[in-house]
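[1] next comes the sequence, and after it the predicted model I'd like to discuss.
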Amino acid sequence: MSLKILPKRGLSDWVSRLITEYRVVGPKLMKDQYIFGDIHSADDLALDYSTTILPPKKILLPQRETLIQFDTASSSQPIEPFIETQATIILGVHTCDMHAISLLDQIFLEGFPDQHYLARRKNITLVSIECLRSCSEHSFCKSMGTLSVPETFDLHLTDLGNSYALETGSKKGSALLWSMSAVRDPTNGDYRQLQKVMSEKWQSFNYRLVFDITELPSLLALSYDNTLWDEIGDRCLGCGACTIVCPTCYCFNVIDEVDFSLHRGARSRVWDSCQLDRFATVAGGHNFRVNRSDRQRHRFFRKGKYQMEAYGLVGCVGCGRCAQSCLVHISPVEVFNELYRRQSPITSLEQEVTT
Amino acid sequence: MSPLLQEILETSSIYKPTMMLVLDVRQVTQLEKLFTIEMPNGLSLGHKPGQFVEVSVLGIGEAPISISSSPSRSNGKFELCVRRAGSVTSALHSLNPGDSVGIRGPFGRGFPIDRFRGKDILFAPGGLGLAPLRSLINEVLDDRGNFGRVTILYGARNPSELLFTDELVEWETRTDVELHVTVDHPDNDWTGNVGVITTLFPKIRVHARNTIAITCGPPAMYRFVLVELLGKGLLEGNIWLSLERRMKCGVGKCGHCQMNHIYTCQDGPAFSYAEIKHVEEAL
Amino acid sequence: MAIESKETKRIDVHHITRVEGHGNIVVDVQEGVLKQCDLQIVEAPRFFEAMLRGQPYEQASPLSSRICGICAVTHATTSLRATEKALGVEPSEQTTLLRKLNLHGEMLDSHILHIYMLVAPDLLGAGSVIPLARKSPEVVMRALRMKKVAGDLCAVICGRHTHPIAMAVGGFNHFPTSEELSKLLERLEAMRTDLDATVDLFQNLQMPDFERETEYIALSKEDEYSFLDGVITSSDGGSWPVEQYRQVANEHMVVHSTAKHTRHQRPSYMVGALARFKLNYEQLQPKARIAAETLGLDPLSTNPYMNTIAQLVETVHCTEEAILIVTQLLERGIKQEEPVSPVRSSGEGVGACEAPRGTLYHHYVIDDGLITDANCIIPTAQNLANIEADMRALVSQRIHCPPDEITFALEMLVRAYDPCISCSTHILNVRFVL
Amino acid sequence: MTSLSKPKIAFFDFAGCEGCQLTVIDALQTDIDLLNVVEIVQFREAMSEKGDDYTIAFIEGSYTRFSDKERLIAIRDQAEIVIALGACAHLSGINAIRNLQSTAEVRRYVYGDHAEHFDVSLAKPISAVIHVDAFIPGCPIDRQEFVRAVKALLQGNLPDIPDYPVCVECKLKENSCLFWYGKTCQGPITRAGCGALCPSLGTGCVGCRGLIPSPNISSFKQLMSEHGTSEAGIEAKLKLFMTHEILKSEASGDGN
Ligand SMILES: Cc1cc2nc3c(=O)[nH]c(=O)nc-3n(C[C@H](O)[C@H](O)[C@H](O)COP(=O)(O)OP(=O)(O)OC[C@H]3O[C@@H](n4cnc5c(N)ncnc54)[C@H](O)[C@@H]3O)c2cc1C
Ligand code: SF4
Ligand code: SF4
Ligand code: SF4
């Protein structure tokens, strides 16, 4: 690991240079909300952003992605795989989103490696940024263990006030600093400042989960038949927003489209959601997860149990996006806490006493 | 890893089907057709009974279909028995010999046939459930000496929906197979059993400790068949089921087929009851 | 002559095609005497006024745009004006500019549809636009190209042409970006080539020869060729504030008598492009006046078939106007402003706009935010009596001609008015007594 | 793919604004090839020629008159496939608003003493009168969805219309939710496919594409009321386009 310092006045220059060689994506303001979008100059970039509506998964796993192209009238090559990569930098990724990307990486690598994801991923350089204060009233990253950056970063920025500390995590990352005259080596003062920023930061976040994250899978195992799921199911609108905005949701549907010739076309994948009616419906109309309560349970079990058990990584990174998007106030941290409250022996004792 | 799988991994996309020739199309019932598909370049599919392929009609979509022929009878070809149920399956039904279809696979975990050897085998398919089990039945029959008693209980809604009637006759006449067929709604010509599949169970004797039972059918059927099998004292690990879920990729990515933590496409579609007994969403 | 006119003819055109909505023509000539000559409206009644009753005022505009898919923007805008007047809302200058621009988009869209898709096939000897697309693909492609610019203009301002979205009482919920406006400007300017080609095309086409003097009515303003607001003006002299729309239209529309087609001045009047052209000629853009000259249309024309030519002239005008408005908006810069809120929750107001087919009035009474009374007068309703008067004059003139020829001339006449029968809020009562 | 001969299609209109037919004409702006792949034998708004040998019928507009029945049945008898085009045909759309008042009263209000001359029934979706094979929702329909529907028909399938709510598309577009700004929106219970057009333009969805298959209406009403909409206001909003569906769901006792 090596540490470098980029004075803030050098940022604009740096971004301009990156743009000449890469597609640069980063947080920017759209109307009154931040989104990840193409950056054309440092002015577009809002590194000090509160959470975006969609996570950076929209770059790694586009909403609509062509998988194959075909022309059944052509006898030689009726099907061509379509793999699209473009050297891309994602700038300013929050640490929770970095954890989510680690999970996506694993999922698309394991079993049958997904060439489409992996090719794109290989060509993406991740520049993460240290979160110094909570980015949304709904986030609970500290509780989920995602407040520190995972090792998957290529370059990691920490805002030191007048400058950024740059930590390189890979060759891809150090390539971005190549021959940058504005970048200098850190002084003792810089190290002190970094330490100060980091220790202050930790204080400014709260633990919002009332128990330890490692207990979550077993808590859920005990809660399969909890009536909370029915209560949530009654409230849930089934709108799917929670899964669309979630950085660790990746389920997809596959659709074919043709032109008027009917023999030329493409097969694409598009984001799907386990909260939607048709998700688990098979031919004949049988729906294996027909109730909103079952679907919500499935969602929270994936977030809090299945992914953790299958991949050793958290399935919910605590970004709070789903809670922000949910119009009927279904929030993972509150759901988990409520389950904990209902499962803990003290509460049941209290209940026994009062009833 | 099968050569086909190898090829798929070496070509640049797990989602790219290989075009294969439709050799033969046979109308089996009003709703089902049996397709014989030829592998390119004399390759072999290298499948196990219980596995499935993703079948593409380019421009319409893809559907998971069980391989209905047994590996023992493959020889560069395989068979799919397809019910017309929606857009892809209807498009398949409009294909003729000489047309081609896209195939990916085989996918999924088939039945662990090695563990079945030396045991009595009880098949209990219902309706279209015979399509996937036929692969295993013929595999067993082609290696008949290595298995104990073979019993087949088959139920369909009415006589016209019975699949593979030629083979039923063949099995019927074999002395080393015990076959019982029943229909829910008989027609005038039907002289056999009437009633749901569970009405066949009293007709058979089962050596509980040494029997492997394999069942496949519509979602509602499993619960009743399981009660019978468990009631006869079969071990949970010896009862096998093949499950259906919505699938969009077949390779454990799209999330549709998930039952609790299990991916039907990769962890199944063949499961022992012991494996899924605690998977609440499975049955 | 005399012998010929002793014939008996009956013309029955069931569902005139290439008009919006359902109408039948019935002509009955017995022994050379015209017994019956009707334009029967068989469109299903829609009862919009009843549906408007009880609606929260914000819902009046989205609901009333559904009166007509072709002049949806004008209905939505007129409705907003009625509501705003009732509730004392004074929209900003930017809102007014955007609305005018939007109305220009609709005028272009509708006129191009009418000129090319509905009328041109008659003049070019193609049964309709689909054979025309085969016969002269370049003509149809040009029409589609121009129509797309018009439609996209509305889309930039209000989301889409048919049933606008972003318009609200007091303003807009969404604003075009300057990039969108700049692109639009380029496309409008580029459209001039297609417009020139259109003028060339129609310059060489012959409109049927037929004159009949009548009264012409349109909204007018001192300083502009008015589409949004203005005063009601008559070619016979006189003008009225829009609140007095019943002075002009009342007896035709609201008194439900088959016999009463009378106003104090004449038995019928005409609204629409020709009326506007005649009354507001002075305010036309210079390019449009040149086009009129080239096309042989002058403000004294009394040939209703020339309505189509007046539409073409307006198409030129609206393109030029739209270019000016977009330029102005780009210079001013678009402000993201909240819609102006009502100052009261009860009141009464009349909105009036020029729809492609003529003057449109919406009149609402609002009580505590809910609409308690609504009256909508659509252009085609105002034109019906005049169409029938023209039909009668035409048939009398050509009574000796073969029925096919009469039918064709009548259908073309009806089409020239571009009647929008689907708008029929209440026009079923216009019929002749036999 | 086996290629089919050009299907013959026809357009019919009942009570509606003809905006959907206009949208079909507008679809030619981007997809002029439509004219090469189908044969249009009847389309009153755009053509004079009239053929009765169609196999696919697109019907715009609601059933509103007893006399409509005969025409609808004739179309059904001829066509192999009948498709409801747009909200009026699909849901009875805004036409059904008048069902909330008595028909006699509605007629009297608009036509005075001539009211009884008119043949008027309750406004209904065409599926209330004849069997409908598929629908293309929206007021008006979405151009691209229409084009996709035609392609599906050419492939021998019925159009695949989304059955998830508008919120999905709204989130995909990264719109800030209108509820965050004190506005209201029917996106959570309305069928998507429009690309969340209205919310993207800062305007609450008015529900023109109809309800999703199993909407949580009671929770939605609760949401609306939390955001300051009165009970009457909620009713008026839900019943702008969905009167027929809401009345039906109330009658069957679900969703409330
Ligand atoms: C492992 C596995 C093995 C299989 N083996 C076989 C086999 O051997 N033979 C065989 O015939 N089938 C088999 N199937 C089933 C087969 O995959 C399906 O029938 C097929 O995918 C249907 O695809 P389709 O495109 O024809 O239907 P689709 O067009 O996708 O739809 C078919 C049905 O889905 C339902 N549906 C679609 N959309 C909706 C909606 N919006 N709401 C509610 N319901 C909806 C409807 O019931 C519709 O009829 C198997 C499935 C699996 C998972
Ligand atoms: S479940 Fe919610 S909080 Fe957790 S990662 Fe997904 S969007 Fe963020
Ligand atoms: S604006 Fe409407 S459609 Fe969009 S997320 Fe909010 S409720 Fe859903
Ligand atoms: S957002 Fe709602 S009202 Fe607007 S087009 Fe879509 S479904 Fe219709």
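    Noted; the coordinates are in hand. Ligands and ions are numbered 1, 2, ... in the order given.

[2] going by C-alpha atoms from here, please, whenever you check contacts or count neighbours.
    Fine.

[3] check the burial of A:S179 by counting its neighbours.
    Around A:S179 sit 8 other residues, with neighbours defined as other Cα atoms under 10 Å in any protein chain shown.

[4] hang on, it in a strand?
    No: A:S179: not assigned to a strand; according to DSSP: H, G, I helix; E, B strand; the rest coil it is coil.

[5] for stretch B:178-188, buried residues please.
    Buried residues in stretch B:178-188, counting neighbours by 16 or more other Cα atoms under 10 Å in any protein chain shown, are found at B:178-183, B:186.

[6] of all those residues, which comes closest to chain C?
    B:P186 (52.3 Å; Cα to the nearest Cα).

[7] pLDDT value on the closest residue in space to that closest one that isn't next to it in sequence, please?
    Distances taken as Cα to Cα, 6 or more residues apart in numbering or on different chains put B:N158 closest to B:P186, at 5.7 Å, once the chain neighbours are dropped. According to the per-residue confidence, B:N158 scores 92 in pLDDT.

[8] now the strands for the stretch 51-200 of chain D?
    Assigned strands in the stretch 51-200 of chain D, in chain order: D:56-60, D:81-85, D:134-136 (criterion: DSSP state E, counting those that start in this stretch).

[9] and what of the stretch 1-150 of chain A?
    Assigned by DSSP E, counting those that start in this stretch, the strands in the stretch 1-150 of chain A fall at A:2-7, A:23-30, A:33-38, A:64-71, A:79-81, A:88-93, A:124-129.

[10] give me the distance between B:Y222 and chain C.
    52 Å (Cα to the nearest Cα, to the nearest Å).

[11] residues in contact with the residue of the stretch 51-200 of chain B found nearest chain D?
    Taking Cα to the nearest Cα as the measure, the stretch 51-200 of chain B has B:S87 as its residue closest to chain D, at 6.2 Å. By Cα atoms under 8 Å, 6 or more residues apart in numbering or on different chains, the residues touching B:S87 are B:60-61, D:157.

[12] likewise A:I83?
    Counting by Cα under 8 Å, 6+ apart, A:I83 touches A:66-67, A:115-116, A:119.

[13] for B:V82, grab phi and psi.
    The phi/psi pair for B:V82 (degrees, to the nearest 10) reads phi -120, psi 130.

[14] identify the bridge partners of it.
    Listed beta-bridge partners, B:V82: B:K33 (assigned using DSSP bridges).

[15] the closest residue in space to C:P56 that isn't next to it in sequence bridge partners, please.
    Closest residue to C:P56 in three dimensions, ignoring its sequence neighbours and counting by Cα to Cα, 6+ apart: C:L370, at 4.5 Å. Per DSSP bridges, residues listed as beta-bridge partners of C:L370: C:P56, C:D367.

[16] again, but for the one 5 residues further on
    Taking DSSP bridges, one finds C:H363 as the beta-bridge partners of C:N375.

[17] surely it is in contact with C:E49?
    Yes: in this structure, C:N375 sits in contact with C:E49. The criterion is Cα atoms under 8 Å, and the distance is 5.9 Å.

[18] could you report the pLDDT at residue 129?
    Just so you know, I chose chain A. What the model reports for A:I129 is a pLDDT of 97.

[19] switch to chain C, that's the one I care about
    Residue-level pLDDT assigned to C:V129 equals 82.

[20] cool, A:L219 as well?
    With respect to pLDDT, A:L219 has a value of 93.

[21] returning to that earlier point: what residues are up against the residue nearest to B:P186?
    The contact partners of B:N158, by Cα under 8 Å, 6+ apart, come to B:183-187.
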